[in-house]
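In: Structure for this input, please:
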Amino acid sequence: MPKTLEKYQKCSFAGPETALQNRENEQLKSSRNEYLKLKARVDNLQRTQRNLLGEDLESLGIKELEHLEKQLDSSLKHIRSTRTQHMVDQLTELQKKEQMFCEANKCLRRRLEESNQVIWQHAWEQSERHSEVQPQQLNGNNFFHPLDGAGEPTLQIGYPSEALTSSCMTTFLPPWLP
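Out: Got it, this is the predicted structure:
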């Protein structure tokens, strides 16, 4: 009973300083309780992390091990689905790039064919110009020679070859060669 009276006197006759100290004490207690809760939670999370990494499994029971196995399975499923989705996204992007490159390749082929047509057309026009000039030059008697034997060397048996060589050298080359 004396302790109760003492508490009553402290609370009723205490000034504002005592009330402030009481509030600070209460805040300190609540902060300490919050700290202890957070520390317990951190310890629990660290233990769970070690368990997930395969450490400290000896202290776990069968139900805890089954729960851990389910967590690992669900984590693996999530990881695999994320990886699959990432691969599908990459594949889609690569297919878009492939289609874009095919279109660019078609465009380049078309341009190459057009430039080749222009080159062939230009070459054809040039060859037509040269073919118009050449028949006029070739129409003369200089290109074709009749085989009538006039001016052509002949070999006859029984004649001295020295007399024929001088006439052969002068008339052997056709006149259109230099």
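In: The longest helix anywhere in the chain - contacts with which helices or strands?
Out: In terms of residue count, the longest helix belonging to the chain (DSSP state H) is helix 62-138. Counting contacts by 3 or more CB pairs under 8 Å, 6 or more residues apart in numbering; DSSP states H and E, helix 62-138 packs against helix 16-52. Where you see a C-beta, it was placed from the backbone N, CA and C, and this is true even at glycine.
In: could you say what helices and strands the helix it packs on packs with?
Out: Secondary-structure packing of helix 16-52 (3+ CB pairs under 8 Å, 6+ apart): helix 62-138.
In: where does this protein have low pLDDT?
Out: 10-19, 131-178 (pLDDT under 70).
In: and the gap between residue 83 and residue 89?
Out: As judged by CB to CB, to the nearest Å, residue 83 and residue 89 stand 11 Å apart.
In: go on, residue 101?
Out: Going from residue 101 to residue 89 by CB to CB gives 19 Å.
In: Which of the three states applies to residue 60?
Out: State at residue 60, reduced to three classes by DSSP: H, G, I helix; E, B strand; the rest coil: coil.
In: Once you drop chain neighbours, what's closest to residue 56?
Out: Nearest non-adjacent residue to residue 56, counting by CB to CB, 6 or more residues apart in numbering: residue 50, 4.8 Å away.
In: Give the burial count for that neighbour, as a bare number.
Out: Number of residues near residue 50 (other CB atoms under 10 Å) recorded here: 12.
In: Relative to residue 74, how far out is it?
Out: With CB to CB as the criterion, residue 50 and residue 74 are 19 Å apart.
In: neighbours around the closest residue to residue 72 other than its chain neighbours, how many?
Out: Of all residues not flanking residue 72 in the chain, residue 52 sits nearest, at 7.0 Å (CB to CB, 6+ apart). Residue 52 sits with 12 neighbouring residues when counted by other CB under 10 Å.
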